[in-house]
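**Q** Prediction below, plus the sequence it came from.
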Amino acid sequence: MQTPVTEPVTEAVIDPVIHPVIQIEGLWTQFDDLVVHRDLSMEVMTGEVVSLVGGSGSGKTTLMRQMLGLEMPTRGSVKIFGISLHDSPAHTLKKIRKRWGVLFQQGALYSALSVFDNIALALRELRVFDEGFIRDMVMLKLDMVGIERRHAGKMPADLSGGMVKRIALARALVLEPELVFLDEPTAGLDPDRSESFVRLIDSLHERLGFTVVMVTHDLDTLVSLSDKVAVLADQRVLVYAPLEAVVRVDHPFIRSFFLGDRGLRALSAAKEPAFAPALPGAVR
Amino acid sequence: MIHEPKVREVRGGSGGEEALAITLIGAWDIRSLERQARALQQTLRGSASARQVRWDLSRVQRLDHIGALLIWRAWGKKRPAQIELRPEHEIFFANLEGTGTLVSGRRRIDSFAPVRAIGQWILEAGEHVADIVRLLGQMLIDSVLLLRRPARGPWREISASVYRIGTQALGITAAVGFLIGIVLSYLSSEQLKAFGANVFIVNILGIGIIRELGPVICAVLVAGRSGSAITAQLGVMRVTEELDALAVMGIPYTVRLILPKVVALSIAMPLLILWTSGIALIGGAISANLQLGISVPQFLIGLPAAVPTVNLWLGVGKGVVFGALIALVACHFGLRIKPNTESLGAGTTNSVVTSITTVILADAVFAVLFNDVGISLL
């Protein structure tokens, strides 16, 4: 933070400014004879919004699941907040799991629980807050994602796709995560809803400053949200750079993905905000 | 260095009015609060109740919505008059400002709830019956169409279902049948020995297993094994819109999915019943040999004399009816499943419970209708 503090802070420095949230080193993924990732390495820094893109079968989803500890890489390590996911004791992993939030592609709301209970679940699991606190917190999160309170008692089966995504986002954010994973955040939403959802994520990111890793196919989402794009192709991270640098790389996948008709349209439509120099002093 | 969240109070009396300055220091975020939220909440409540308080939040190192809400609730969900706050923390309280107005409507107690529930239950039961009758009617119409154009019938599906429901159940039905035969024979022989009526073991086992136990045990096993599978399968197909996909392709799902199940169960059940009854009789014969000294050949020779053949046909007939009933009930519950996990679980349970109950009801009807058929008195 660069905002001046009125009184001198006696309690020393606050944050080590930038350190990698995610570190992947020498990661191999192999299904029988099929090598999906070959010696893949990448780092995600605090506050960044990173998009993973790649053709189908390039292992984006697998990579994301490995970052979440849902799948084991064949070789190599994945470290989140500097802690290895694959050889740490269970209680350390439990701590990590409280510090991240995940938005699954289909929302993955617990269909047996109401909207309220879905969001409250993680808070209740902590067993430190009383019901009044939890209720206020859930309402706050519903406000933040723009869901009216009267929907709190509904069951997930009665909700539209857009609402499911918003509520799933509220659930992902309820423990104030430092790291948020988004799996196809706008898939299955109509363009209007998709745009407002992207705006929502963007504003929340700006206000709360969490790190975002997302897998997306949607160019509009990619262009309007990402600081950096990691292109997965040829079993590795082909490029990992801001979008404007990525599009300059000459590779068949990048040409067809970004420089096809759809890609160019999305790029030119978003030219203004996306290609402006990074805002000085933006909250990161 | 990040510090633990702490509350510091400084009391200073100025001009009669007692003034209190509260300084919050350290990290007020979920990571630090997780351990001591309760204690801090207590402290804050206590401090906030004083009349004039100056709040100094400028030394809070970290803040998030959880910490802000904790403080906000201590404030009584409104901003105190005197407050010092870091500008970057302003946002959290700004977000909270709206939530203070939440009115939680107390739920009204419905004194007629039990009556309503009974009515609901009766209406629902009626609906189930109507639905099953409709399904049965549809089945009959489909069968007529099938008989008119047999080449277009779902023969492959029927064959697959017979294999899955019948062939693959041979092991479990044999095991259960064998054990039941042994148990029944063992228990009866104890009684028969007391009366010196050893030979009647053949009558008891023959009539009991072929006419009653074989069909009912088999039906219970199949309802649990295949009925639940059918319900779950149709339920998932409903959830994933596969049924709708079939409908828009012009393939009626009753013909392609339900009819094969009903036909297959009606074919497989009688065969399974014969198999189960046979194995149960073998189990019974072995046990009788050990307990009463009736040799297995003797048992087999006595069987046709003791059990009129019509009992066998009765068992087979029950099989056809039970099979069709289980399939219809299972399909009916499968089609009613709504797209959520709870409904899938409840639907499967209801399907199994209902089909077993229905089978036993049907068995009672059989017993009443055929009470003077196939039981020879000596």
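**A** Ah, there it is.
**Q** Please name the nearest non-neighbouring residue to residue 226.
**A** By default, I'm working from chain A. Excluding the flanking residues, the one nearest A:Ser226 by Cβ to Cβ, 6 or more residues apart in numbering or on different chains is A:Ser51, at 4.1 Å. Using the backbone N, CA and C atoms, a C-beta is placed for each residue, glycine as well.
**Q** Let me rephrase: I mean chain B.
**A** Distance criterion Cβ to Cβ, 6+ apart; nearest residue to B:Ser226, sequence neighbours excluded, is B:Ile165 at 4.5 Å.
**Q** For chain B, give me its nearest residue in the stretch 1-150 of chain A.
**A** Ranked by Cβ to the nearest Cβ, the top residue of the stretch 1-150 of chain A for proximity to chain B is A:Ser111, at 3.5 Å.
**Q** Look up phi and psi at that residue.
**A** Per-residue torsions, A:Ser111: phi -70, psi -20 (degrees, to the nearest 10).
**Q** is it true that it touches A:Pro156?
**A** Yes: assessed by Cβ atoms under 8 Å, A:Ser111 is found in contact with A:Pro156 at 5.0 Å.
**Q** So which residues of the stretch 51-200 of chain A form helices?
**A** Here the stretch 51-200 of chain A has its helices, by DSSP state H, counting those that start in this stretch, at A:60-67, A:90-99, A:115-126, A:131-144, A:161-173, A:191-208.
**Q** Please disregard the earlier target; I meant the stretch 51-200 of chain B.
**A** In the stretch 51-200 of chain B, the helices defined using DSSP H, counting those that start in this stretch lie at B:65-74, B:90-97, B:113-148, B:155-165, B:170-195.
**Q** how about those in TSV, adding mean pLDDT and mean neighbour count?
**A** Shown next, in TSV, are the helices of the stretch 51-200 of chain B (pLDDT from 0 to 100; neighbours: other Cβ atoms under 10 Å in any protein chain shown):
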stretch	mean pLDDT	mean neighbour count
helix B:65-74	83	23
helix B:90-97	80	17
helix B:113-148	90	12
helix B:155-165	92	16
helix B:170-195	93	17
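**Q** among the ones you listed, which is nearest B:Ala247?
**A** Closest to B:Ala247 of the helices of the stretch 51-200 of chain B, according to Cβ to Cβ: helix B:113-148, at 13.5 Å.
**Q** Next, the angle helix B:155-165 makes with the closest one.
**A** Here helix B:113-148 points in a direction 130 degrees away from that of helix B:155-165 (axes from the mean of the first three to the mean of the last three Cα atoms, to 10 degrees).
**Q** ok, back up a step: indicate which one of the helices of the stretch 51-200 of chain B is closest to B:Ile25.
**A** helix B:65-74 (12.2 Å).
**Q** and the closest one, what does it pack onto?
**A** Judged by 3 or more Cβ pairs under 8 Å, 6 or more residues apart in numbering or on different chains; DSSP states H and E, the packing partners of helix B:65-74 are helix A:131-144, strand B:17-28, helix B:30-48, helix B:90-97.
**Q** now the angle from that helix to helix A:115-126?
**A** Between helix B:65-74 and helix A:115-126, the angle comes out at 100 degrees (the same axes, to 10 degrees).
**Q** pull the CA atoms of helix B:65-74 into PDB?
**A** The C-alpha trace of helix B:65-74 is given here as PDB (Å, rounded to 0.1, in the frame of the first residue of the first chain):
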ATOM      1  CA  HIS B  65     -14.400  -8.300   6.200                       C
ATOM      2  CA  ILE B  66     -14.300 -10.800   9.000                       C
ATOM      3  CA  GLY B  67     -12.400  -8.500  11.300                       C
ATOM      4  CA  ALA B  68     -14.400  -5.500  10.200                       C
ATOM      5  CA  LEU B  69     -17.700  -7.300  10.900                       C
ATOM      6  CA  LEU B  70     -16.500  -8.200  14.300                       C
ATOM      7  CA  ILE B  71     -15.800  -4.600  15.100                       C
ATOM      8  CA  TRP B  72     -18.900  -3.400  13.300                       C
ATOM      9  CA  ARG B  73     -21.100  -5.700  15.500                       C
ATOM     10  CA  ALA B  74     -19.400  -4.400  18.600                       C
END
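**Q** who touches it?
**A** The contact list for helix B:65-74, computed with Cβ atoms under 8 Å, 6 or more residues apart in numbering or on different chains, reads A:132-133, A:136-137, A:140, A:175-176, B:5, B:24, B:27-30, B:33, B:37, B:40-41, B:44-45, B:47-48, B:57, B:60, B:89, B:92-93, B:95-96, B:100.
**Q** how far does it sit from the chain's center?
**A** Distance, stretch centre to chain centre, for helix B:65-74: 42 Å (Cα atoms, centre = their mean, to the nearest Å).
**Q** go on, stretch B:58-68?
**A** Stretch B:58-68 has its average C-alpha position 46 Å from the chain's average C-alpha position, going by Cα atoms, centre = their mean.
**Q** same question, stretch A:19-35
**A** Centre to centre, stretch against its chain (Cα atoms, centre = their mean), the figure for stretch A:19-35 is 18 Å.
**Q** can you check stretch B:129-137 too?
**A** 22 Å.
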